[in-house]
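Peer 1: Give me a 3D structure for the following:
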Amino acid sequence: MKQTDKFAIMLLSIAAAIAVLLSIMTYLSTNSSILPDIAGVIATPFRSVSSTITNTIDGCLAYMSDFDALKEENERLKLQIAEMEEEVRQAKADSDENARLRDLAELREQRRDLHLESARVLEQDASNWSSMLTISKGTSQDIETGDCVITEAGYLVGVVTEAGLNWATVRTILDSSSSIGAMIFRSGASALAQGDFALMSEGRLTLSYLGTTPDLVSGDLVMTSGLGGYYPSQVVIGSVEEVRASDDGLDQVAVVRPSADIESLTQVFVVTSFDIVE
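Peer 2: Numbers count the residues shown, from 1 in each chain. Here you go, the predicted model:
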């Protein structure tokens with residue numbers, strides 16, 4: 001039982017007792033010529049208390065009624081807020097989906113040499129030494145080991161390393177075992193984009209085999225080279241953040257920020273085949 005309910009019952013009991021006492025005193029006052037004045041004097045404060053208690057009870061009941069009404073209104077407002085928040089989330093999801101579709105339509109127009117299969121990202125497995133994705137398509141959609149995986153904007157995500165009937169595992173370009181032929185878009189110089197154990201936690205990779213005096217500056221765009229025909233050419237990998245000496249001091253390496261936001265991927269596109277463009 002609520003505290004307010006107990007209090008109301010107590011007040012009602014006191015009021016009932018006073019009412020009984022007043023009835024007795026009224027009876028005595030009407031049946032005895034000696035007692036009327038005494039009964040009136042005694043009854044007056046009780047009548048005052050009774051009136052006060054009655055008013056208090058009425059106030060408590062009104063308060064409880066108002067409290068219940070406010071509680072119901074609060075619940076309705078909470079429900080309305082939850083519904084509006086869901087509408088906002090859905091609108092954001094719809095907006096993101098529309099943006100992806102626009103980017104994909106533009107990519108398909110620009111890269112007609114690529115044959116793409118859409119897939120959802122089912123799981124991300126990232127640690128200090130690996131960066132892997134599990135996606136929702138596999139061999140039944142012609143996805144094979146070695147296929148490139150990109151975003152709807154055409155940014156490189158990684159390479160398929162294992163494929164089942166309706167799933168596949170993707171090693172991202174951040175993985176310390178990742179290695180893919182690259183080129184500098186501005187100069188056309190060849191290099192090798194590699195995952196780096198020391199840079200994985202920063203979401204970065206390295207560009208190596210640049211020589212001792214590379215023609216490379218911060219902001220340069222890095223793309224796949226397509227050499228050997230294993231992967232499509234001119235898929236954007238990322239951009240150069242800095243150039244520094246390699247660990248052995250004999251060469252220069254670049255730190256590259258991937259264009260794909262690897263950690264927030266929800267959908268990717270597998271390049272199941274591509275036309276080699278000379």
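
Peer 1: When you work out contacts or count neighbours from here on, use the C-alpha atoms and nothing else.
Peer 2: Will do.

Peer 1: Spell out which strands sit alongside the lengthiest strand in the chain in the sheet and which way each one runs.
Peer 2: Counting residues, the longest strand found in the chain (DSSP state E) is strand 114-126. If you go by DSSP bridges, strand 114-126 pairs up with strand 131-135 (antiparallel), strand 267-274 (antiparallel).

Peer 1: Save those strands as JSON lines, and put in mean pLDDT too.
Peer 2: Output for the strands paired with strand 114-126, formatted as JSON lines (pLDDT from 0 to 100):
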{"stretch": "strand 131-135", "mean pLDDT": "95"}
{"stretch": "strand 267-274", "mean pLDDT": "93"}
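
Peer 1: For Pro214, find the nearest of those strands.
Peer 2: strand 131-135 (28.9 Å; Cα to Cα).

Peer 1: Tell me the buried residues in the closest one?
Peer 2: Ser131, Met132, Leu133, Thr134, Ile135 (16 or more other Cα atoms under 10 Å).

Peer 1: quick revisit: list the buried residues for the longest strand of the chain?
Peer 2: Leu114, Leu116, Glu117, Ser118, Ala119, Val121, Leu122, Gln124, Ala126.

Peer 1: Of all the helices and strands in the chain, which has the lowest average confidence?
Peer 2: helix 3-30 (a mean of 62; mean pLDDT, DSSP states H and E).

Peer 1: sorry, back to before: can I get the CA coordinates of the longest strand of the chain in CSV?
Peer 2: The C-alpha trace of strand 114-126 is given here as CSV (Å, rounded to 0.1, in the frame of the first residue of the first chain):
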residue,chain,number,x,y,z
LEU,A,114,33.7,-2.7,-62.3
HIS,A,115,31.1,-5.4,-61.6
LEU,A,116,29.8,-5.0,-58.1
GLU,A,117,27.9,-7.1,-55.6
SER,A,118,26.4,-5.3,-52.6
ALA,A,119,26.8,-6.9,-49.1
ARG,A,120,26.0,-5.9,-45.5
VAL,A,121,28.7,-5.9,-42.9
LEU,A,122,27.7,-8.5,-40.4
GLU,A,123,30.7,-8.3,-38.0
GLN,A,124,33.8,-6.3,-37.4
ASP,A,125,36.8,-8.0,-35.8
ALA,A,126,39.4,-5.4,-35.0
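
Peer 1: Pull the residues that contact that strand.
Peer 2: Residues outside strand 114-126 that contact it (Cα atoms under 8 Å, 6 or more residues apart in numbering): 108, 131-137, 141, 232, 263, 265-275.

Peer 1: buried subset of these?
Peer 2: 108, 131-137, 232, 265, 267-274.

Peer 1: re the thing from before, turn the strands paired with strand 114-126 into a markdown table, including distance to Tyr155.
Peer 2: Compiled in a markdown table, the strands paired with strand 114-126 are given as follows (distance: least, Cα to Cα, whole Å):
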| stretch | distance to Tyr155 |
| --- | --- |
| strand 131-135 | 16 |
| strand 267-274 | 10 |
